[in-house]
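Asker: coordinates only, sequence not included:
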Ligand SMILES: [Zn+2]
C-alpha cells in the first residue's frame, strides 16, 4: 500500500517539475519545424518528468525505500532554474507562461503532499509509461504532409517532360564549365555537352525568393511583387508557368528544401504536388521536442539527433524521383536543392576531396573566406552527384531523354569578400552573386546562338515554347529559341531589395559591357564589366552613365509594379530566416 502512495507522489512530483519547465519554455514552436507540434512541448515535459519520477519510485519502492519527494521537488526546481538561467529562455517565449507553469507546478506539489491521494493517479501514472509511444505516434500525425491537389482536368497528348533543378547559392565562376577548378562536375558537363551552357546568365535578384519567383512567372521582381524574402507574391491575375502547364494537361510537382520558397509565399501556385516537408524523421522530431521542452533531456540527448531546418539534397531528390516516376503523361517538376547554401559543411568524403584540392583557384577575395569557398566546392560536387542520380532516374521514364528537357540554374551566388561582403549575398549586386550558372538541355531544339545575355525571366517563356504553349501576356522574358531580332539588343534588370536594407536597396541595369547600379539613397555606380567591378566609372563616363540611367528609368516606367504582402512568420520561421542570414537579429 505504501508503495502505491509512493508511486503516486513520484508521478505528481514529476508532473510538478514538468509543468514548471513547460511553462517556462512554452513558446511558438516553429522552432520544431512544424507549428502543429505546439501541444507536444508542454505534454512532453509533463510526460518526461512524470515517467522519470515514476520509474525511480518503482525501482526504489521494490526495495522498500521511500524517498522525500517534497525535498526532491524543491531541489529539482532549483536545478531547473539553474539550467534555465544558464541556457536562457528560447527566443519568442511567452513570459506569461512562466507564471502559469509556476502556479500549475505548485498546485501539483500541494496535491502530492496530501495524505490521501486519488487512486486514479496510479493508473494515470502507469499510463504515463505509454507516453513516448503516444508522442512518437502523435509526431507522425503532426508532421507536415506534401500538399496534394487535383491532377490536370484535361489529358495532354504531349509526350514532353520538363525538369527544372535549382541550385541555391552557386556562382558561375566556381564551376569547371565556367573556368573554375578544385572540383569536378561530370554530370553537369555531360548535360551541357548535350544542350547549352549559357555563358552570361544573370540572376534577377541576389536572394532566393525573388529569383525563384521570376523563374516561375517570367516576371521581374517588381512585377511579381516578391521583392524580399518573407513577402508573399500577390496574385497577378494571369497564369504562371506551372499553372499554364497544369491547365494544358501536365502533371506538376515541386520539391523544395528551404523556407524562402515555401508555399506560404506563393510558390505552390500551379503545382498539384508541393513537397516542403522538413528533413527530420518522427524520431528526430521527438528528440528535438524533448531537447526543447526539457533541460534534463537536453543533457542526455546527443546533438546529432536533432532535425535540421533545411532539407538535404539526397532527401529532396529521392522524394522528387519517387513522384516523377509515378506520373503518367507529361510532367513538369521543380527540384530546389539547398546544400550549397551556407553554412558550408559538406559530408565527409566531399569535404576531404575539396580540401585535398584547396590550392586550386579561383581563390576568395578575402583570405578569411577561403576555407568556406573551398568547402562549398565539396557541396557543389555533391549537388553534381545528385544531378547524375536524377538524370539516371529520368531516363527510366524516357530512355535517352528524347522528350525530356532538363534545366540546371542557380538562384544567386555568394560573396567571398567582394566589396567587403563576407559569406552572404543579400547586400550585393556584384557579379559574385548575379552571374550564375545555367545549363539547359532541350531535346530537338535549335538554340539561337547569337544572343548575348539571359536571365531568370527567360526560363518560363523558353519552357513554354518547348511545350508548344503560348506565352502569357506581360511576360518580361524571352525564349532562348526565338529569333535573334526579337532578342537583341537587350538589357537586363536586377535588384537587391531585401527590406531590411532600407535606403541601401538597389536596382541595376546591365546592357552589353555596362552595368549601372542605383541605390534608393541616390548613390550611382557604373561598372565596365570587362574591366571588373573594382572601380566606379560614373565620373569618368558621364555620357554612359546618363544613357544607362535613362534605360533603367524607362524600363521601370514601362512595367506594372506590384507589392507583396508581408507574411506572418512564426518566431521560429524568423529564426530560420535569420539563420539563413536574411534578417538581422530582432529586425
Ligand atoms: Zn538562394
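Answerer: On my side now, so go ahead. These numbers come from a predicted model, not from an experiment. Residues are numbered from 1 along each chain as shown.
Asker: which residue, other than its chain neighbours, is closest to the residue of the stretch 301-450 of the chain found nearest the ion?
Answerer: In the stretch 301-450 of the chain, the residue that lies nearest the ion is residue 411 (4.3 Å; C-beta to the ion). Using the backbone N, CA and C atoms, a C-beta is placed for each residue, glycine as well. By the measure of C-beta to C-beta, 6 or more residues apart in numbering, the closest residue to residue 411 outside its immediate chain neighbours is residue 211, 3.9 Å from it.
Asker: give me the buried positions along the helix or strand residue 354 falls within.
Answerer: Assigned by DSSP states H and E, residue 354 falls within helix 348-356. For helix 348-356, a neighbour-count test (16 or more other C-beta atoms under 10 Å) marks 350-351, 353-354 as buried.
Asker: now do the next helix or strand after that helix: which elements does it pack against?
Answerer: For helix 348-356, the following helix or strand on the C-terminal side (DSSP H and E) is helix 370-397. When contacts are defined as 3 or more C-beta pairs under 8 Å, 6 or more residues apart in numbering; DSSP states H and E, helix 370-397 packs onto strand 161-167, helix 186-194, helix 313-326, strand 331-337, helix 348-356, strand 404-410, strand 415-416.
Asker: hmm, try it at 7 Å
Answerer: strand 161-167, helix 186-194, helix 313-326, strand 331-337, helix 348-356, strand 404-410 (3 or more C-beta pairs under 7 Å, 6 or more residues apart in numbering; DSSP states H and E).
Asker: what about the residue of the stretch 201-350 of the chain found nearest the ion, how many neighbours?
Answerer: Across the stretch 201-350 of the chain, the shortest distance to the ion (C-beta to the ion) belongs to residue 208, at 3.0 Å. Using other C-beta atoms under 10 Å, residue 208 has 27 neighbouring residues.
Asker: please apply the same query to residue 313.
Answerer: Neighbours of residue 313 using other C-beta under 10 Å come to 26.
Asker: contacting residues for it?
Answerer: By C-beta atoms under 7 Å, 6 or more residues apart in numbering, the residues touching residue 313 are 257, 337, 339, 382-383, 386.
Asker: likewise residue 402?
Answerer: Counted by C-beta under 7 Å, 6+ apart, residue 402 has contacts residue 443.
Asker: how close does it sit to residue 466?
Answerer: Going from residue 402 to residue 466 by C-beta to C-beta, to the nearest Å gives 13 Å.
Asker: where does pLDDT dip in the stretch 1-150 of the chain?
Answerer: The stretch 1-150 of the chain contains residues with pLDDT under 70 at 1-2, 27-37, 89-94, 122, 125, 142.
Asker: which residue is the nearest non-sequential neighbour of the residue of the stretch 201-350 of the chain closest to the ion?
Answerer: Computed as C-beta to C-beta, 6+ apart, the closest residue to residue 208 that is not its neighbour in sequence is residue 260, at 4.0 Å.
Asker: which residues are contacting the helix or strand hosting residue 516?
Answerer: For residue 516, the host element (DSSP H and E) is strand 514-519. Where contact means C-beta under 7 Å, 6+ apart, the residues beyond strand 514-519 that reach it are 429, 503-509, 524-529, 544, 548-549, 552.
Asker: try it again at 8 Å.
Answerer: Here strand 514-519 makes contact (C-beta atoms under 8 Å, 6 or more residues apart in numbering) with 429, 503-510, 524-529, 533, 544-545, 548-549, 551-552.
Asker: restricted to strands, list those residues.
Answerer: 506-510, 524-528 (DSSP state E).
Asker: returning to that earlier point: ok, the strand holding residue 516: who's next to it in the sheet?
Answerer: Partner strands and pairing direction for strand 514-519 (DSSP bridges) are strand 506-511 (antiparallel), strand 524-528 (antiparallel).
Asker: quick one: contacts of the last one?
Answerer: By C-beta under 8 Å, 6+ apart, the residues outside strand 524-528 that reach it are 513-518, 533, 535-538, 541, 544-545, 548-549.
Asker: and which of those residues is nearest to residue 344?
Answerer: Distance to residue 344, by C-beta to C-beta, is smallest for residue 533 among the contacts of strand 524-528, at 23.6 Å.
Asker: I'd say the closest one and residue 431 touch.
Answerer: Yes - between residue 533 and residue 431 there is a contact under C-beta atoms under 8 Å: 6.2 Å.
Asker: next, the distance between the ends of stretch 296-314.
Answerer: 33 Å (C-alpha to C-alpha, to the nearest Å).
Asker: tell me the domain ranges of this protein?
Answerer: 2-142, 156-284+305-487 (automatic domain parsing).
Asker: now, of these, which is deepest in the fold?
Answerer: domain 156-284+305-487 (a mean of 21; mean count of other C-beta atoms under 10 Å).
Asker: chain center to that one, what's the gap?
Answerer: Centre-to-centre, domain 156-284+305-487 and its host chain are 13 Å apart (C-alpha atoms, centre = their mean, to the nearest Å).
Asker: i'd like the first residue to be 20 from this point on
Answerer: All right, first residue 20 from here; so that's domain 175-303+324-506.
Asker: pLDDT on it, on average?
Answerer: Regarding domain 175-303+324-506, the rounded mean pLDDT is 91.
Asker: interface residues of the protein facing the ion?
Answerer: The interface of the chain toward the ion, taken as C-beta under 5 Å from the ion, is made up of 187, 227, 430.
Asker: if we go to 8 Å?
Answerer: 187-188, 226-227, 230-231, 277, 279, 357, 360, 429-431, 444 (C-beta under 8 Å from the ion).
Asker: which one of the residues you listed is nearest to residue 30?
Answerer: residue 277 (42.2 Å).
Asker: other residues contacting the helix or strand where residue 242 lies?
Answerer: Assigning secondary structure by DSSP H and E places residue 242 in helix 240-243. Residues outside helix 240-243 that contact it (C-beta under 8 Å, 6+ apart): 223-224, 229, 232-233, 236, 246, 252, 255, 493, 495, 514, 516, 575, 578-581.
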